[in-house]
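Student: Structure for the following, please:
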Amino acid sequence: MIKYSIYTSCFDINKNNFNYWKTTIPKWIDFIDDGDKGEIIIAVNNDDDRTKETLETSFSNKIKIINTSFSYEDYTFDGKIKNAALQECKYEICLGLDLDEYPSPNKKSWDNVSLKLLNISKLDAVFIPSIDLCKNYNSYKSVGMKWYMHKQGLYRGIWENAKLDNGKIDIKKSDTCELLKIKNQLCSSAALLDQFDELSIDNIKKYDLPFVIHLGWLDWQNRKNQNQTWQPVWSNRAGYEVKDIMHEENQFNNIEVHPHNLDI
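Tutor: Numbering: from 1, shown residues only. Coordinates of the predicted model:
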């Protein structure tokens, strides 16, 4: 039986009025069958808005909370928090999720891919499709791929080749949560579809692929709040003002959406 370690970072969820955790963490608990098939590790950083208390009260002993104290002046803080959670994971398959993401409920598809990953010694991780919900649960914006599933013994951080001479990073090449091996090298990974295949809802259904639902577009006000929170962080680590950030409701309303017809 495959057991999973789901891990993430968490900070200032009350201060910033982020409420996705109310939707996603219960689904994580369902995914691991209330602890029978895994664990949930959440690193809470510099808690001054009762984030930890909110999680403990809501989920009691269903999740493991670790405390971190990375400075928010350090532009790599989010990667360091997530890495701290990763290093506490004890099971051989790890799922790195954000608080506004949750895995598709078809455990059989996850188990099938996990077994293949474990049987290939030279492979560290698998790119899993992500469905970006937009406006409602029946519509999506795009399908992308992220390093959601991987083996133990890896790290989250900045890819060495993305570091700039001025101490900043090229944010078009790397964020601070890249999946790495020792010496900041990218891990060996594979995609579930050939790179020349079109990544689409039809293929996800056809091949019965595991996927992650991303809720970032479902509530534009939450996304607006997140963008406002992260814009200065992204600008600081890039060394210039990052302007391609949506802050107005009409920017979200004009996004073209499509029906997905998936069991989520």
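Student: ok, residue 158 touching residue 171?
Tutor: No: at 10.1 Å, residue 158 does not count as touching residue 171 under the criterion of Cβ atoms under 8 Å. Heads up, the C-betas are built off the backbone N, CA and C, glycines and all.
Student: quick one, which of the two is more surrounded?
Tutor: Higher neighbour count among residue 158 and residue 171: residue 158, with 21 against 16, using other Cβ atoms under 10 Å.
Student: Let me know the distance separating that one from residue 66.
Tutor: Counting by Cβ to Cβ, to the nearest Å, the separation of residue 158 from residue 66 is 22 Å.
Student: Check which helices and strands the helix or strand hosting residue 227 sits against.
Tutor: Element membership for residue 227 (DSSP states H and E) is helix 220-238. Helices and strands touching helix 220-238, as assessed by 3 or more Cβ pairs under 8 Å, 6 or more residues apart in numbering; DSSP states H and E, comprise strand 212-217, helix 249-253.
Student: Just give me the lowest mean pLDDT stretch among those.
Tutor: By mean pLDDT, the lowest-scoring of the helices and strands packed on helix 220-238 turns out to be helix 249-253, with a mean of 83.
Student: Now that helix: buried residues?
Tutor: Within helix 249-253, the residues that count as buried by 16 or more other Cβ atoms under 10 Å are residue 252.
Student: What lies in contact with that helix?
Tutor: With contacts defined as Cβ atoms under 8 Å, 6 or more residues apart in numbering, helix 249-253 is touched by 134-135, 217, 220-221, 223-224, 246.
Student: Most neighbours among these, which one is it?
Tutor: Those, ranked by neighbours (other Cβ under 10 Å): first place residue 134, 24 neighbours.
Student: and the gap between that residue and residue 218?
Tutor: Residue 134 is 7 Å from residue 218, by Cβ to Cβ.
Student: same thing with residue 179?
Tutor: As defined by Cβ to Cβ, residue 179 lies at a distance of 26 Å from residue 218.
Student: Check residue 51 too.
Tutor: 22 Å.
Student: And these two? Which one has more around it.
Tutor: residue 51 (23 against 19).
Student: And for residue 34, the neighbour number?
Tutor: Residue 34, neighbours per other Cβ under 10 Å, totals 10.
Student: which residue sits closest to it, ignoring its sequence neighbours?
Tutor: Counting by Cβ to Cβ, 6 or more residues apart in numbering, residue 34 lies nearest to residue 62, which is 6.7 Å off, once chain neighbours are set aside.
Student: So what does that neighbour have for phi and psi?
Tutor: Main-chain dihedrals, residue 62, degrees, to the nearest 10: phi -80, psi -20.
Student: give the contact list for it.
Tutor: 29, 34-35, 40.
Student: Might you list the low-confidence residue ranges for this protein?
Tutor: Within the chain, the stretches with pLDDT under 70 are 14-18, 195-196.
Student: continuing past whichever strand in it runs longest, what's the next helix or strand?
Tutor: Of all segments of type strand in the chain, defined using DSSP state E, the longest is strand 136-151. Counting by DSSP H and E, the next helix or strand C-terminal to strand 136-151 is strand 155-157.
Student: Look up how far residue 70 lies from the nearest residue to residue 25 once chain neighbours are set aside.
Tutor: Once flanking residues are discounted, residue 25 sits nearest to residue 59: 6.3 Å by Cβ to Cβ, 6+ apart. Here the criterion is Cβ to Cβ. By it, residue 59 lies 23 Å from residue 70.
Student: again, but for residue 246
Tutor: Using Cβ to Cβ, residue 246 is found at 27 Å from residue 70.
Student: same deal with residue 152?
Tutor: 22 Å.
Student: again, but for residue 167
Tutor: 17 Å.
Student: next one: residue 127
Tutor: 27 Å.
Student: do the same with residue 149
Tutor: 25 Å.
Student: Next: residue 95.
Tutor: The separation that residue 95 has from residue 70, given Cβ to Cβ, amounts to 22 Å.
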